[in-house]
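1. Any chance you can model this:
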Amino acid sequence: MPLSPHVPELGALELLLDVVATGSIGAAGRRHGVSQQAASARLRTLERQVGVAVLERRARGTRLTEEGTAFAAWAARVVEAATDLDAGLTALRHRGSARLRLAASMTVAEHLVPGWLAALRAHGGVEQITLTATNSAAVADLVRAGAVDLGLVEGPDPLSDLSQVVVGTDDLVLVVAADHPWARRRRPVGAALLARTPLVTREVGSGTRTALEQALGAPGPAPVLELSTATAVRESVRAGLGPAVLPRLAVAGDLRDGRLVAVGLTGVDLGRRLRAVWVGPTDRPPAGPARDLVATATARVPPPEPRRKSGAGGVTDASRQDHR
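-> Purely as a prediction, here's the structure:
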């Protein structure tokens, strides 16, 4: 039996969902490349077609009516199903040449993505994978621009304009060289002391630096040295240039082998979540390799390593396992 004439076309549903996401008809219109007036006219046509008022227009923005709330929930399911249909048809047209364009923050790219991709390739279905490793801010920009299918970020920024799901956890740890005075420190370093200590750091925009600054409440003093990779920061700390706060994933081997010493911290929470991000109103990643990778990641990422305080007041690995 054919659908009734009250069922709107997909483009109108997508526009409505973007109004819900942005809270603004003008912002939703810009996403669709049309003016606010054109977007408003299209939404009024939708309301006439479905036979109910779905939007309440106010001077400070637009929100759903009670009927619109129910309608938007149904519309989201329709758009998600259509997105899956589109991805499935694309896969059928390009069977044997499926590709995944991926961008990941440096820590995730170096220590987690290789294992995820190996598992994904072992199950077949992906012929070509491209990975861009950069900082979390740049990953989010690549996702917004449509340059990649999926992003993996580690920063605390909410990225409210992107859909996302947690794929793992990690924590930041204060590390020093074995001959640094803090390596023998009996008491943990407090947040105030850490906040006024020049550190070897990642560049502005990295998830590690953003997480530290937000945990401390403000940027610290000028860095001793600013570097673009965790590996470079780690080697600089080992050379004695100063302390650093780095992901535990990036220093697990050095802590295990004694090349670096973890220093206890108090008064600051440096735990964080690793997230996959993508464009779209759906709560699931795009169908195909991107969704398969997220499923692989959430199944394989280990929990954070248990920690215990050392006799010198630092923090050491209890499990002695390197989760790189």
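2. hey, let's count contacts and neighbours off CA atoms from now on
-> Noted.
3. low-scoring stretches of the stretch 101-250 of the chain, by residue?
-> 125 (pLDDT under 70).
4. Please enumerate the strands of it.
-> Counting by DSSP state E, counting those that start in this stretch, the stretch 101-250 of the chain has strands at residues 128-134, 150-153, 163-177, 189-190, 200-202, 225-227, 244-247.
5. Tell me which of those sits nearest to V7.
-> Among those, the nearest to V7 by CA to CA is strand 163-177 (26.2 Å).
6. same for the closest one, what does it pack against?
-> helix 230-238, strand 244-247, helix 248-257, strand 260-263, strand 271-278, helix 289-300 (3 or more CA pairs under 8 Å, 6 or more residues apart in numbering; DSSP states H and E).
7. and the end-to-end length of stretch 205-225?
-> For stretch 205-225, the first-to-last residue distance is 15 Å (CA to CA, to the nearest Å).
8. same question, stretch 173-182
-> End-to-end span of stretch 173-182 (CA to CA): 13 Å.
9. buried set for that stretch?
-> 173-178, 180, 182 (16 or more other CA atoms under 10 Å).
10. out of these, who's nearest L293?
-> V173 (27.6 Å).
11. Touching, the closest one and A262? I think so.
-> Yes. Because the distance of 6.6 Å satisfies CA atoms under 8 Å, V173 is recorded as touching A262.
12. about what we covered before: can you check which of the strands of the stretch 101-250 of the chain gets nearest to R238?
-> strand 163-177 (4.9 Å).
13. Return the distance of the closest one from the chain's centre.
-> Computed by CA atoms, centre = their mean, to the nearest Å, the chain-centroid distance of strand 163-177 equals 11 Å.
14. Let's see the distance spanning stretch 170-184 from one end to the other.
-> Start-to-end, stretch 170-184 (CA to CA) is 25 Å.
15. Which of the buried residues of stretch 173-182 sits closest to P289?
-> V173 (33.0 Å).
16. Could you find the closest non-adjacent residue to V54?
-> Using CA to CA, 6 or more residues apart in numbering and skipping residues adjacent in sequence, the residue nearest V54 is G68, 3.7 Å away.
17. What about that neighbour, how many residues nearby?
-> 20 (other CA atoms under 10 Å).
18. Same check on T45?
-> Residues near T45, counting by other CA under 10 Å: 14.
19. Likewise for T130?
-> T130: 11 neighbours (other CA under 10 Å).
20. again with A59
-> 5.
21. That one and P286, how far apart?
-> 35 Å.
22. now swap in D257 and tell me
-> Going from D257 to P286 by CA to CA gives 41 Å.
23. Between the two, tell me which one has more neighbours.
-> Per other CA under 10 Å, whichever of D257 and P286 has more neighbours is P286, with 19 against 10.
24. wouldn't that one be in contact with D84 here?
-> Yes. Between P286 and D84 there is a contact under CA under 8 Å: 7.4 Å.
25. Compute the inter-axis angle for the helix or strand harbouring A73 and helix 289-300.
-> Using DSSP states H and E, A73 falls within helix 66-93. Put simply, helix 66-93 runs at 100 degrees to helix 289-300, going by axes from the mean of the first three to the mean of the last three CA atoms, to 10 degrees.
26. Return the set of buried residues in helix 66-93.
-> So for helix 66-93, counting by 16+ other CA under 10 Å, buried means 68, 71-72, 75-76, 79-80, 83, 91.
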